[in-house]
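Visitor: Quick one, structure for this:
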Amino acid sequence: VQLQASGGGLVQLGGSLRLSCVGSGSIFGMNHMGWYRQAPGKQRELVAGVTSGGFIEYRDSVKGRFTISKDSAKNTVYLQMNSLKPEDTAVYYCNADRRWPVIRRADFGRWGQGTQVTVSS
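Guide: Next comes the predicted model:
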């Protein structure tokens, strides 16, 4: 499963962006979804995940600022990012799997193209 993320850009401290991730209908109907990021020199990390049943998990540093949502009719998962900070600067990716532990560990063999988010201070 490879998904393409889009919607990144350059924003100032405190700004907002909404990222989108589009896939086929079969992906969204059967899989859990996750948004990830990788900053230079750091490991890729889970930012937010949503199960096929709607359970949502966020990493602590984005709680209250980021919101993950999905629109099954559009086969799209979104990541609304508010109150952005310079430490949110990274390439953001999305991915999907039927196994929640895979989502939480970012344990994927393949990644689609990410989208760069840069927050200036």
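Visitor: Any idea how far the lowest-mean-pLDDT helix or strand in the chain is from the middle of the chain?
Guide: Of all helical and strand segments in the chain, the minimum by mean pLDDT, DSSP states H and E falls on helix 25-30, at a mean of 73. Its chain's C-alpha centre and that of helix 25-30 lie 17 Å apart, by C-alpha atoms, centre = their mean, to the nearest Å.
Visitor: Residues contacting that helix, please?
Guide: If you take C-beta atoms under 8 Å, 6 or more residues apart in numbering as the criterion, helix 25-30 is touched by Val1, Leu3, Ser52, Lys70, Ser72, Asn75, Val77, Ala96, Arg98. Every residue, glycine included, has its C-beta placed from N, CA and C.
Visitor: Out of these, name the ones that lie in strands.
Guide: Lys70, Val77, Ala96 (DSSP state E).
Visitor: are any of those buried, and which?
Guide: Lys70, Val77, Ala96 (16 or more other C-beta atoms under 10 Å).
Visitor: Reformat those residues as a markdown table; add distance to Phe108.
Guide: Putting those into a markdown table (distance: C-beta to C-beta, whole Å) gives the following:
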| residue | distance to Phe108 |
| --- | --- |
| Lys70 | 18 |
| Val77 | 15 |
| Ala96 | 9 |
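Visitor: Turn these into CSV, including pLDDT and distance to Glu57.
Guide: Below are those laid out as CSV (pLDDT from 0 to 100; distance: C-beta to C-beta, whole Å):
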residue, pLDDT, distance to Glu57
Lys70, 90, 14
Val77, 94, 14
Ala96, 92, 15
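Visitor: any idea what the spatially most central residue of the chain is structurally, helix, strand or coil?
Guide: A centroid search over the chain (C-alpha atoms, centre = their mean) returns Trp35, at 1.9 Å, as the residue closest to the centre. Put simply, Trp35 is strand when judged by DSSP: H, G, I helix; E, B strand; the rest coil.
Visitor: Pull the contacting residues for it.
Guide: 5, 19, 21, 46-49, 68, 77, 79, 92-94.
Visitor: one more time with 7 Å
Guide: Leu19, Val47, Ala48, Ile68, Leu79, Tyr92, Cys94 (C-beta atoms under 7 Å, 6 or more residues apart in numbering).
Visitor: Many thanks, have a good one.
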